[in-house]
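> Sequence first, then the predicted structure:
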Amino acid sequence: MTAQIRTSHAGSLPRTAELIAANKAKQDASVSAEEYEALLTDSVVGIVERQKALGISEPNDGEYGHAMAADFDYGAWWHYSFARTNGLEISGQGLWELPEVLSEPGNIRLTSFQGRRDRALFPGAYSDPHAGTDTGEQPGFPQAVGPISYAGHEQIERDIANVKKGLEAAGYDSSRGYLNSLAPASGARIENKYYDSYEEFVWAWADVLREEYLAITNAGLIVQIDDPSLAENFDQINPEPSYEDYRKFTQLSVEATNYALRGIDPQQVRIHTCWGSWHGPHVTDLPFKEIVDVVLQHNAAGFTFEAANVRHAHEWKIWEDTKLPEGKYIIPGVVSHSTNVVEHPELVADRITNFAKLVGPENVVASTDCGLGGRVHPEIAQAKLEALVAGADLASQRF
């Protein structure tokens, strides 16, 4: 009997031109709230139905509900939370410098995005507008100026209703649908002008985001908690810490997320980590083997991570020595968001097979490295998802 390998993706999918225009019109107040909400619902139903047609096993809303300023079509995984959190003040467009984070051990200094060590090593590439690297500019930076609390109740209920409508229309079992949400430590990577310490700020974010996790899981859906900070923070710490100091620093991220997840069935939780996803050199990335055991401490069943990224494609070998705990499964990226080249299904099948041989095909969900929305053209995104499903079909035949 063939063991059919499941398929999914990391979250963000390209928005339609109509939805991008509506997001901008909403900012300009040139579209009514009713018109916008109707278009958003139709768009979510449409993207879920397209995932079904492509053969995706575990779909989401493409993060369409994570609307943000104008037509800025990526970064929604993070920026959407600003409008859903009380106690923040947007400081305007540009770059910012985070204050020093003194955290035992290691006296860690978490710097701005612009202060990454990779950017220091490749200043010409990152300053060249034709090089294809991210500039580091963002559509607005928040500062915590008071106690933070959750303010996104209406938005998350709308997101839940929209994705469930899409799941029903496409014929999915609603329990396989998921919605993305931010992790506490990733939320805390903004300027803090209120809390006494970084640690206190992270715990405050855990209380805020728990409300979103509960709303999603109480609705019978899976929550995917996006936490690039688990691996990506390593490049944002100057000077470079030892692996052991970084592991201890990162332990707070896991503990805060688990606190926010208390009482939630781990089978309704997947954790996403990555190395930042910007289109640029990543020579200072933390090796996944240095934190994989820390990541697996989350009270979650699924774990999604980059594995097609050429800086990390070799790391499937870590599962030769890393035992996957009972009841957990992995969601490795087998197609990349960081290249326009569409992977051949045979290559995708080989990548899936490498993992399936080590942890079992039933414990592998083939996925994308990170969100495709805003990273590749919509036509390329569709072709990559088609290659993903075709590769999973080929790999399934091998088992």
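All right, it came through fine.
> so how far is residue 130 from the closest residue to residue 282 other than its chain neighbours?
Distances taken as CB to CB, 6 or more residues apart in numbering put residue 311 closest to residue 282, at 4.7 Å, once the chain neighbours are dropped. For every residue, glycine as well, the C-beta is placed using N, CA and C. Here the criterion is CB to CB, to the nearest Å. By it, residue 311 lies 22 Å from residue 130.
> Compare these two (neighbour count), which wins?
Neighbour count, other CB atoms under 10 Å: between residue 311 and residue 130, residue 311 has more, with 14 against 5.
> That one touches residue 285, doesn't it?
Yes: with contact defined as CB atoms under 8 Å, residue 311 reaches residue 285; the gap is 5.6 Å.
> Show me whatever sits in contact with both of these two.
Listed as contacting both residue 311 and residue 285 by CB atoms under 8 Å, 6 or more residues apart in numbering are residue 275.
> Pull the contacting residues for the most centrally placed residue in the chain.
In the chain, the centroid-proximal residue (CA atoms, centre = their mean) is residue 226; its distance is 3.9 Å. Residue 226 sits next to 11, 77, 78, 180, 181, 182, 183, 186, 272 when contact means CB under 8 Å, 6+ apart.
> If we use 10 Å, what do you get?
Shown in contact with residue 226 (CB atoms under 10 Å, 6 or more residues apart in numbering): 10-12, 63, 77-78, 180-183, 186, 270-274, 304, 370-371.
> same check, this time on residue 274
Going by CB under 10 Å, 6+ apart, residue 274 touches 10, 226-228, 230-232, 285, 304-306, 309, 312, 333, 337, 369-371.
> Looking at per-residue confidence, what score does it get?
pLDDT recorded at residue 274 is 93.
> re earlier: of the contacts of residue 226, which belong to helices?
For the contacts of residue 226, the ones inside helices are 77, 78, 186, with DSSP state H as the criterion.
> Surely the second one and residue 84 touch.
No: counting by CB atoms under 10 Å, residue 84 is not a contact partner of residue 78; they are 11.6 Å apart.
> List the residues that are in contact with both of those two.
Common neighbours of residue 78 and residue 84, counting by CB under 10 Å, 6+ apart, are 66, 182.
> Return the distance of the biggest strand by length in the chain from the chain's centre.
In the chain, assigned by DSSP state E, the strand with the most residues is strand 142-150. Averaging C-alpha positions (CA atoms, centre = their mean, to the nearest Å) puts strand 142-150 22 Å from its chain's average.
> Does anything pack onto it? Which helices or strands?
In this structure, strand 142-150 makes packing contacts with strand 85-90, helix 184-187, strand 191-192, helix 198-218, judged by 3 or more CB pairs under 10 Å, 6 or more residues apart in numbering; DSSP states H and E.
> Quick check: the gap between the residue nearest to residue 282 and residue 369.
10 Å.
> what is in contact with these two at once?
Listed as contacting both residue 311 and residue 369 by CB under 10 Å, 6+ apart are 275, 338.
> Give me the contact list for the least confident helix or strand in the chain by mean pLDDT.
Taking mean pLDDT, DSSP states H and E as the measure, the chain has helix 76-79 as its least confident helix or strand, at a mean of 77. Residues from elsewhere that reach helix 76-79 (CB under 10 Å, 6+ apart): 10-12, 15, 23, 62-69, 72, 90, 138-142, 180-183, 186-187, 189-190, 224, 226, 228, 272, 277, 370-371, 373-374.
> how about 7 Å then?
Residues outside helix 76-79 that contact it (CB atoms under 7 Å, 6 or more residues apart in numbering): 11, 12, 63, 66, 68, 139, 180, 182, 186, 226, 371.
> how many neighbours does the closest residue to the first one other than its chain neighbours have?
Spatial nearest neighbour of residue 11, chain neighbours left out: residue 180 (4.4 Å); criterion: CB to CB, 6+ apart. By other CB under 10 Å, the residues close to residue 180 number 26.
> Give me the distance between residue 180 and residue 353.
Residue 180 is 28 Å from residue 353, by CB to CB.
> Please apply the same query to residue 185.
33 Å.
> In terms of neighbours, single out the busier of these two.
Neighbour comparison, residue 185 and residue 353: the larger count goes to residue 185, with 25 against 21 (by other CB under 10 Å).
> can you pull the contacts of the residue nearest to the more buried one when sequence neighbours are not counted?
Among residues not flanking residue 185 along the chain, residue 253 sits closest, at 3.7 Å (CB to CB, 6+ apart). Contacts for residue 253 (CB under 7 Å, 6+ apart) come out as 183, 185, 227, 229, 230.
> if I pick residue 306, what's in contact with it?
274, 275, 312, 333, 369, 370.
> List the contacts of residue 172.
Contacts of residue 172 (CB under 7 Å, 6+ apart): 52, 59.
> For residue 271, name its beta-bridge partners.
In this entry, residue 271 is beta-bridged to residue 225, residue 303, by DSSP bridges.
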